[in-house]
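K.L.:
Sequence and computational prediction follow.
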Amino acid sequence: MAIKMITPPVAEPITLEEAKQHLRVDGNDDDFLIQSLIKQAREWCEDYQNRKYITQTLELVLDSFPQGNAIIFYNCSPVQKVESIKYYAVNRQEYLFDESNYISDLDGFVGRVVLNRGKHWPIVELQSVNAVRVRVVAGYGDSGDKVPEAIKWAIILQMKLLYDDYRPEEKTKLEEARNALLSMNRVIPV
């Protein structure tokens, strides 16, 4: 399974001004660096939590359809919308799995696509790899307004760890605080 970025986020959960306040930076000399640190910190936190924070379009790539009746989005919740499910036969012909065959569960802690009653995954010989592609729009929203505060603070702590130099015991405390904030809503694939 892989997740492919189709459309990246257009904003970050933390603004440059907020970041500079937390880092106690005056002036504009480090603006480019700080913007990069914000993105790095968000990406680190997203990977740790297996979640996405700002609206982005992703493609979940699978080698085959699941054995059960659901495709679960362990690495890209919350899901706002499932745009399409496509699959590729052994002859590399592309097919669209009709949305009348499934229900998008966007309300659960982890998003998923569940087959409707009496429906089945397509019975066709699929190409050997990357045969199923599920395109989704994920994230809390287009800006940081809907991102939970605990996540914003974790991003700030990660950003501080990247920007400043700390003694080992201080660094450990910041890492523990960051991890505790992110652990509250962490998705752990089973």
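P.N.:
Yep, that arrived.
K.L.:
Poorly predicted segments of this structure, please.
P.N.:
For the chain, applying pLDDT under 70 flags no range at all.
K.L.:
Break it into its domains for me.
P.N.:
Using automatic domain parsing, the domains assigned to the chain come out as 2-53+143-183, 56-138.
K.L.:
got the contact list for the longest strand anywhere in the chain?
P.N.:
In the chain, with assignment by DSSP state E, the single longest strand is strand 79-88. By C-beta atoms under 8 Å, 6 or more residues apart in numbering, the list of residues contacting strand 79-88 from outside reads 55, 57, 65, 71, 73, 94-97, 99, 102, 104, 106, 111, 113, 122, 124, 126-127, 130-139. C-betas here are computed from N, CA, C, even on glycine.
K.L.:
returning to that earlier point: so which of the domains of the chain is nearest Pro189?
P.N.:
domain 56-138 (4.0 Å; C-beta to C-beta).
K.L.:
And the closest one, how far out from the chain middle?
P.N.:
16 Å (C-alpha atoms, centre = their mean, to the nearest Å).
K.L.:
Identify the residue spatially nearest to Arg92, adjacent ones excluded.
P.N.:
Gln127 (6.0 Å; C-beta to C-beta, 6 or more residues apart in numbering).
K.L.:
Roughly how far does that neighbour sit from Ile14?
P.N.:
41 Å (C-beta to C-beta, to the nearest Å).
K.L.:
what does Tyr166 give?
P.N.:
19 Å.
K.L.:
Of these two, give the one with the bigger neighbour count.
P.N.:
Neighbours of Tyr166 and Ile14, each counted by other C-beta atoms under 10 Å, are more numerous for Ile14; the result is 25 against 13.
K.L.:
tell me the SS of the more buried one?
P.N.:
coil (DSSP: H, G, I helix; E, B strand; the rest coil).
K.L.:
mind listing what it touches?
P.N.:
Ile38, Ala41, Arg42, Gly144, Lys152, Ile155, Ile156, Met159.
K.L.:
tell me which element Val137 falls in.
P.N.:
Using DSSP states H and E, Val137 falls within strand 132-138.
K.L.:
Leu58 should be in a strand, yeah?
P.N.:
Yes. With three-state DSSP as the criterion, Leu58 is part of a strand.
K.L.:
Can we start the residue count at 28 from this point?
P.N.:
Let's use 28 as the start, then, which means that last one is Leu85.
K.L.:
Just to check, it is in contact with Gly138?
P.N.:
No. Between Leu85 and Gly138 there is no contact under C-beta atoms under 8 Å: 11.2 Å.
K.L.:
Next, show the common contact partners of those two.
P.N.:
Cys103, Val163, Ala165.
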